[in-house]
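Novice: whatever this is, show me its structure:
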Amino acid sequence: MEQKRVAVDGYTDTPLVPGSEWHVHDPYRPQPPVVTPGVAGGPPSDAVVLFDGADASAWMSAKTGDPIGWKVEAGHMEVVRGTGNIRTRAHFSDCQLHLEFATPAEVVGQGQGRGNSGVFLLGLYEVQLLDNYDNYTYADGTCGAVYGQFPPLANACRRPGEWQTYDIVFLAPRWDAEGKLVRPAQLTVFLNNVLVQHCQAAQGPTNHRVTSNYNTPHPPEGPLELQDHGDPIRFRNIWIRPLAA
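Specialist: Residues are numbered from 1 along each chain as shown. A predicted model of the protein is given here:
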């Protein structure tokens, strides 16, 4: 639907903004859509709620497509070891994602064996989730890393057992008709309101122990996937805002 033009204060005797039909400070330039913010990390009015603390029907087993085998209780869902990754039934492309997570309060293991999970955009691009509070491992596998590619800009982890937040802006890669990459995937990530990835171009779908590339084009849409790495990570308040391409 074409947005109605609303005259407001402005100028029409100014130069055109390069690459557009609009004057600088044009009073007739379409207004941005109104979005009502949520409170304290809650979903804004145009968000797709993926998990509200009770209803996990937006998710399925990544292996079988069956309902998830994770626990859903007390306002969160929790990884059950061996049940496998879960993914959304819906597919998304460019997006803004919010989720909250908590690593186990009881510390078990060290390095990659402590509070490990992952957030996969399109099911392919992993933002690592790990308990890195006084816990050290390879830098490109720490919490907030684009896994195997780029360490986070800071270690902003809270103590084990405390609720933490991820806010991720993801732009999916694009290929032209000949299969040539025209835009790599790009991630901006905030961990507990601290910027840990800044407009970071991924080197390709993330991998373990090997490098990544864009040799194989893939669709610009895919599911959001959460990883079962064997640790009882808890998740709550998951919502996503699809962004215009």
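Novice: is it true that residue 214 touches residue 174?
Specialist: No - here residue 214 lies out of contact with residue 174, judged by C-beta atoms under 8 Å, at a distance of 10.2 Å. In this view, the C-beta of every residue, glycine as well, is placed from N, C-alpha and C.
Novice: hey, what's in contact with both of those two?
Specialist: Overlap between the neighbourhoods of residue 214 and residue 174 consists of residue 181, taking contacts as C-beta atoms under 8 Å, 6 or more residues apart in numbering.
Novice: buried stuff in stretch 221-236?
Specialist: Residues of stretch 221-236 classed as buried: 222-229, 231-236 (neighbour count, 16 or more other C-beta atoms under 10 Å).
Novice: among the residues you listed, which lie within strands?
Specialist: Of the buried residues of stretch 221-236, the ones assigned to strands by DSSP state E are 225-226, 234-236.
Novice: now for the buried residues of stretch 221-236: which two are most distant?
Specialist: Taking C-beta to C-beta as the measure, those span a maximum distance of 26.1 Å, between 222 and 232.
Novice: any stretches of the protein with poor pLDDT?
Specialist: Counting by pLDDT under 70, the chain shows low-confidence ranges at 1-7.
Novice: and with 80 instead?
Specialist: Judged by pLDDT under 80, the chain has its weakly predicted residues at 1-8, 35, 38-40, 245.
Novice: the helices in it, which residues?
Specialist: Counting by DSSP state H, the chain forms no helices at all.
Novice: ok, residue 130 - how many residues close by?
Specialist: If you count neighbours by other C-beta atoms under 10 Å, residue 130 ends up with 26.
Novice: bridging residues for the residue nearest to residue 120 when sequence neighbours are not counted?
Specialist: Leaving aside its sequence neighbours, residue 120 sits nearest to residue 225 (C-beta to C-beta, 6 or more residues apart in numbering; 3.8 Å). Using DSSP bridges, the bridge partners assigned to residue 225 are residue 87, residue 120.
Novice: cool, and residue 16?
Specialist: When bridges are assigned using DSSP bridges, the partners listed for residue 16 are residue 23.
Novice: how close does the residue nearest to residue 120 get to residue 185?
Specialist: Summarising the geometry, the distance separating residue 225 from residue 185, computed by C-beta to C-beta, to the nearest Å, is 15 Å.
Novice: which residues does the closest residue to residue 189 other than its chain neighbours contact?
Specialist: Spatially, and ignoring its direct neighbours in sequence, residue 189 is nearest to residue 197 (3.9 Å; C-beta to C-beta, 6+ apart). Taking C-beta under 8 Å, 6+ apart as the criterion, residue 197 is in contact with 127, 144, 146, 150, 152-153, 187-189.
Novice: tell me the domain ranges of this protein?
Specialist: Here the domain parsing of the chain from automatic domain parsing is 1-32, 48-242.
Novice: first-to-last residue distance for stretch 162-178?
Specialist: When the termini of stretch 162-178 are compared using C-alpha to C-alpha, to the nearest Å, they are 48 Å apart.
Novice: in it, what counts as buried?
Specialist: Of the residues in stretch 162-178, 163-175 count as buried by neighbour count, 16+ other C-beta under 10 Å.
Novice: next one: stretch 97-112
Specialist: Of the residues in stretch 97-112, those with enough neighbours to count as buried (16+ other C-beta under 10 Å) are 97-104, 107, 112.
Novice: follow-up on the earlier one: output the ones in strands among the buried residues of stretch 221-236 as JSON lines; include the columns distance to residue 119.
Specialist: Shown next, in JSON lines, are those (distance: C-beta to C-beta, whole Å):
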{"residue": "225", "distance to residue 119": "8"}
{"residue": "226", "distance to residue 119": "6"}
{"residue": "234", "distance to residue 119": "14"}
{"residue": "235", "distance to residue 119": "9"}
{"residue": "236", "distance to residue 119": "14"}
